[in-house]
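Visitor: From the sequence below, what's the structure:
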Amino acid sequence: MPKFLLKRWYGLHTVLALGFSLLLLAILTLYHWLYGAIGFVCLIGLVVYVIQAEKGFQQDLRLYLATISHRVKKAGESVIQEMPLGILLYNDERVVEWNNPFMQLMVGEELLVGKNLNELFPSLAFKPDQKRLEYTFNERIYEVLHRPEEKLLFFKDITEFKELFARYHREKSVLAIVHLDNLDEVGQMMDDQSRTLLSTNVSGVISDWAQKHGIYLRRYTSDKFLALMDRQTLEKLEESRFDILDVVREMTADNKIPLTLSIGVGAGVDSYIGLGQIAQSSLDIALGRGGDQAAVKVGNKLTFYGGKSNAVEKRTRVRARVIAHALRDLINEAEQVIVMGHKQPDMDAIGAALGVFKAVRFQNKSAYIVLDEVNPSIERLMKEIYANEELAEFFITPEQAIRLVTGRTLLIIVDTHRPSLVIEPRLLEETSRVVVIDHHRRSEEFVEDPVLIYLEPYASSTSELVTELLQYQSDRINIESAIATALLAGIVVDTKSFAFRTGSRTFEAASFLRRNGADTATVQRYLKEDLGQFVKRAKIIMNTETYRDHLAIAVGDLHEDYTQVQVAQAAELLLTLSGIQASFVVARRADDKVLVSARSLGDINVQAIMEYLGGGGHLTGAAAQLDGVSIKQAVGRLKEAIDSVL
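Guide: Residues are numbered from 1 along each chain as shown. Below is the predicted model of the structure:
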């Protein structure tokens, strides 16, 4: 305890003693005046002592406070001068008025006072409401704090922290699942020795690839590998765009069916359980898109690489039969069924919806088809359906569908799996049981928690898938001619009259529909267009430019509105020109959105290009919708997407 505080403590006790002495003096005086006189003398001595003690206390207090003030001031000056933090004071003209020594070491100059901030730190600029930023200077990274009211800048060196953070990011764990897409299909065409040799060669190539990049690889089934790596390795693989996909495909190119890989990669979480779940989910998406590609999911961002080959048909009649039986059970459990396609439905969506409607009615359940408006592509078909009283009453508006929904309603989505593209997204929220039937390659956006998924990118159309499901509903099923014709029309439209994406199962489905009364002449009548539409499409073709030698880009009239069908038909027509490997058509729709339709002969993946623009589709046919842009801007973004992907 400081000396002056001890004195203060003693002084307080003296005052108490003085008060007690006065009381004692009064008592003594009552007994004898002599005792009172002696006590009075003692009291005078005590008062003198107290006064001297108080003076000493005040003097010691002033000395102590002066010492503390000096020490604090000296310590503050030392800290400001020696601390590893740059402090800089400037005036209204942004001229340096004062700085601590750290700033001189940081800039490498002896004198900073009088120099302008723009001269010392040319790229240092704060936004109006910004008070903190990272700034790189002389290969060091600083966190700069700005106090505009005091015109103060603080520079904190965070280079080591940033390097440590970057190292932590590079060394985070990444889990991947490597899947041989069609090993069984390829092996069925070989003898045992050739099949074993092929599997060994492919496994060797994958192992060498893993060894080269420092990836831990372990085979856990005949067609799956588990791979463990870090983020730095993943970034290198992304830079090479997962070239192992091309290596495996090219080394088996001589086979009747080339062997392809699909890779699902999970990153961005700390737990291995989470990484495994993300990797499996990414692999499912890659397979749902047709395989021969890598799907990399980091947090919520999903990126695709590869997908250069057409999907090889892998679905079997066994799977179709299992899906058909599962769908039949769900229909039987439901109180009613609502069928819905995508916005601006085409012939495939309406045909598939009518096929599902027939399957539901065969089970003696109530079924309804949601349709908001009739567009030119389905106008002739819908005209005949509305003339059929047995079918017309089951087409309802989205508002009517919302009112019909109950707790036991089954919603079946056809020809799309993206919630943003369905006719009425609110139905997805109102119903707890949803079935998805689609033939498009799976995108990142997907219906949440469907009870049944029949997603087959190997199929030509959703109408083909629904036709197969109808065959397994019952041997006694009898399809009305109008429904069979609509299903056949859906197949014809999506295959371009059996010219694209057509397999043996496509012809089998068409044969089944023909036996059930599908009329090919009526299909052709549905697909006819009037002279005005033909001329409108021809004008688009006239405004065509060649890009990168083998790509055709056509632009619609700036003052005209076009439908999706017109834009798609123009893209298909461009593809028939000599030397054109892929075609793109850009035009404005009536709702002021810009449509981009893309078609390819198969050598160029137009799906990847459209996904760059936020759309999707197939390798040979895809589309995108751009909002809030002009035609010129849309063409610029299209060329940017082409350059990025190719």
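Visitor: what about the residue sitting nearest the centre point of the chain, distance to Y168?
Guide: The residue lying closest to the centre of the chain (C-alpha atoms, centre = their mean) is K301, at 3.5 Å. Remark: distance between K301 and Y168 (C-beta to C-beta, to the nearest Å) = 19 Å. From N, CA and C alone the C-beta is placed, and that goes for glycine too.
Visitor: and if you look at G56?
Guide: Counting by C-beta to C-beta, the gap from G56 to Y168 is 62 Å.
Visitor: And the two? Which one has more around it.
Guide: G56 (16 against 10; other C-beta atoms under 10 Å).
Visitor: Quick check: pLDDT value at that one.
Guide: pLDDT, G56: 74.
Visitor: where does it fall, helix, sheet strand or coil?
Guide: helix (DSSP: H, G, I helix; E, B strand; the rest coil).
Visitor: remind me which residues of the stretch 151-300 of the chain are low pLDDT?
Guide: Scanning the stretch 151-300 of the chain for pLDDT under 70 picks out 256.
Visitor: All the strands of it, residue numbers only.
Guide: 152-157, 173-180, 216-221, 224-230, 261-267, 293-298 (DSSP state E, counting those that start in this stretch).
Visitor: Throw these into a markdown table and include mean neighbour count and distance to V322, thanks.
Guide: As requested, the strands of the stretch 151-300 of the chain are exported to a markdown table (neighbours: other C-beta atoms under 10 Å; distance: least, C-beta to C-beta, whole Å):
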| stretch | mean neighbour count | distance to V322 |
| --- | --- | --- |
| strand 152-157 | 18 | 63 |
| strand 173-180 | 22 | 21 |
| strand 216-221 | 11 | 21 |
| strand 224-230 | 18 | 22 |
| strand 261-267 | 26 | 22 |
| strand 293-298 | 24 | 25 |
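Visitor: Distance to D254 for those strands - can I get that in TSV?
Guide: TSV is the format used below for those (distance: least, C-beta to C-beta, whole Å):
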stretch	distance to D254
strand 152-157	60
strand 173-180	17
strand 216-221	24
strand 224-230	23
strand 261-267	17
strand 293-298	22
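Visitor: separation between R231 and E445?
Guide: From R231 to E445 the distance is 25 Å (C-beta to C-beta).
Visitor: er, R408 actually
Guide: 27 Å.
Visitor: how many other residues sit next to V41?
Guide: 9.
Visitor: That one: helix or strand, and which one exactly?
Guide: Assigned by DSSP states H and E, V41 falls within helix 33-82.
Visitor: How about T506?
Guide: helix 504-515.
Visitor: Work out the gap between that helix and the centre of the chain.
Guide: 39 Å (C-alpha atoms, centre = their mean, to the nearest Å).
Visitor: do the same with stretch 429-446
Guide: 17 Å.
Visitor: Export that stretch to CSV, keeping only CA atoms.
Guide: C-alpha atoms of stretch 429-446 as CSV (Å, rounded to 0.1, in the frame of the first residue of the first chain):
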residue,chain,number,x,y,z
GLU,A,429,-46.2,-26.4,-51.3
GLU,A,430,-49.8,-27.5,-50.8
THR,A,431,-49.3,-31.2,-51.5
SER,A,432,-47.2,-33.5,-49.4
ARG,A,433,-46.8,-36.3,-52.0
VAL,A,434,-45.2,-35.5,-55.4
VAL,A,435,-44.2,-37.8,-58.2
VAL,A,436,-41.7,-36.7,-60.9
ILE,A,437,-41.6,-38.2,-64.4
ASP,A,438,-39.1,-36.5,-66.7
HIS,A,439,-36.5,-37.2,-69.4
HIS,A,440,-34.4,-34.1,-69.1
ARG,A,441,-30.9,-34.2,-67.6
ARG,A,442,-31.1,-33.4,-63.9
SER,A,443,-30.2,-29.9,-62.9
GLU,A,444,-29.2,-28.5,-59.4
GLU,A,445,-32.8,-27.3,-58.9
PHE,A,446,-35.1,-30.2,-58.1
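Visitor: mean confidence for that stretch?
Guide: 88.
Visitor: try stretch 323-337
Guide: 92.
Visitor: contacts for it?
Guide: When contacts are defined by C-beta atoms under 8 Å, 6 or more residues apart in numbering, stretch 323-337 is touched by residues 356, 359-360, 363, 365-368, 404, 406, 408-412, 433, 435, 451-452, 454, 468-469, 471-473.
Visitor: Nothing else from me, thank you.
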